[in-house]
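1. Prediction below, plus the sequence it came from.
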Amino acid sequence: MASWLSRRMQYCLWSCLTDAVRSDAVASRTVRGTVTSKSNTMSSKRFKAVVMMLAVLALGSILLAACVRPGTTTTTSTGGGSTATSTPSGGGGGGGSGNCANGTVQTGASTFMQSCVTVAKGASLKIVPAVTSPHILDNGSWVNGNQQIAQEPGAPSVNNVQVTSSTVSIGPFTTAGTFHIFCTVHPNMNLTVEVK
């Protein structure tokens with residue numbers, strides 16, 4: 001939809017600019033040696049319209065970039081109030097254990113709500129869907145928009161594991177190390193599993 005909107009705005013800008021050029025051509029014609037001021041006024045109005053459209057296009061681009069950027073904000077309620085925390089979402093991959101979830105990760109519509117999770121050696125990973133959305137998980141990760149299916153040595157086999165509306169358990173992870181899981185349906189939906 002973003003590309004359609006961008007093409008539509010480009011078309012509108014192009015038509016306004018060509019209309020402004022036509023108005024200038026009419027304005028440059030002289031009637032008995034004088035230029036009509038009405039055409040110049042129209043040209044000024046069209047110029048202002050073009051500037052306004054460019055401003056709206058710039059603002060729209062900024063908002064679109066902000067919506068696409070990875071990251072989510074979750075609100076946690078604790079007895080006396082609520083706390084908002086921001087966590088990275090799928091698209092990245094790594095991060096230190098300080099930023100990783102502990103044993104359980106949630107899925108959004110097209111991302112992992114946390115890009116990494118720490119699992120104790122011998123334990124299993126729990127994947128909880130926060131939103132009902134189809135996910136098909138596999139060993140590996142998205143790299144530059146391409147699926148890289150790879151099972152690291154010691155990782156449990158994750159082959160077409162479907163996650164929609166129920167919690168799924170993957171494991172046990174019997175070997176310490178860093179492992180990667182990704183969703184084959186949603187580009188850049190990567191999860192890094194750190195087993196300690």
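-> Thanks, I have the structure now. Predicted model only: the values in this text are computed from it and were never measured.
2. where's the closest residue to Phe173 other than its chain neighbours relative to His180, distance?
-> Nearest in space to Phe173, with sequence neighbours left out and distances taken as C-beta to C-beta, 6 or more residues apart in numbering, is Val195 at 4.3 Å. C-beta here means a position set from N, CA and C on the backbone, and glycine is covered the same way. From Val195 across to His180, the span is 12 Å (C-beta to C-beta, to the nearest Å).
3. again, but for Ser110
-> Distance of Ser110 to His180, computed by C-beta to C-beta: 18 Å.
4. element containing the closest residue to Gln148 other than its chain neighbours?
-> Counting by C-beta to C-beta, 6+ apart, Gly140 is the residue found nearest to Gln148 once chain neighbours are left out, at 4.9 Å. Following DSSP states H and E, one finds Gly140 within strand 135-143.
5. And the contacts of that strand?
-> Residues from elsewhere that reach strand 135-143, judged by C-beta atoms under 8 Å, 6 or more residues apart in numbering: 93, 107, 127, 129, 147-152, 155, 157-164, 168, 170, 179-190.
6. so how far is the first residue of stretch 129-142 from its last?
-> Using C-alpha to C-alpha, to the nearest Å, the gap from the first to the last residue of stretch 129-142 comes to 20 Å.
7. Run a quick neighbour tally on the spatially closest residue to Gly145 that is not a sequence neighbour.
-> Leaving aside its sequence neighbours, Gly145 sits nearest to Pro187 (C-beta to C-beta, 6+ apart; 6.0 Å). The criterion is other C-beta atoms under 10 Å. On that basis, Pro187 has 15 neighbouring residues.
8. element containing Pro187?
-> In this structure, Pro187 is located outside every helix and strand according to DSSP H and E.
9. mind checking how far it is from Leu57?
-> The gap separating Pro187 from Leu57 is 26 Å, by C-beta to C-beta.
10. for Val161, same thing?
-> Using C-beta to C-beta, one obtains 42 Å as the distance from Val161 to Leu57.
11. low-confidence ranges in this structure?
-> Low-confidence segments of the chain (pLDDT under 70): 1-42, 63-98.
12. can you list the domains in it?
-> As recorded under automatic domain parsing, the domains making up the chain are 2-68, 87-195.
13. looking at it, Ala123 is touching Thr104, isn't it?
-> No - at 10.6 Å, Ala123 and Thr104 do not qualify as touching, with contact defined as C-beta atoms under 8 Å.
14. Report how many residues lie close to Val105.
-> 24.
15. follow-up on the earlier one: pick out whichever of Ser110 and His180 has more residues nearby.
-> Set Ser110 next to His180 and count neighbours by other C-beta under 10 Å: His180 wins out with 23 against 17.
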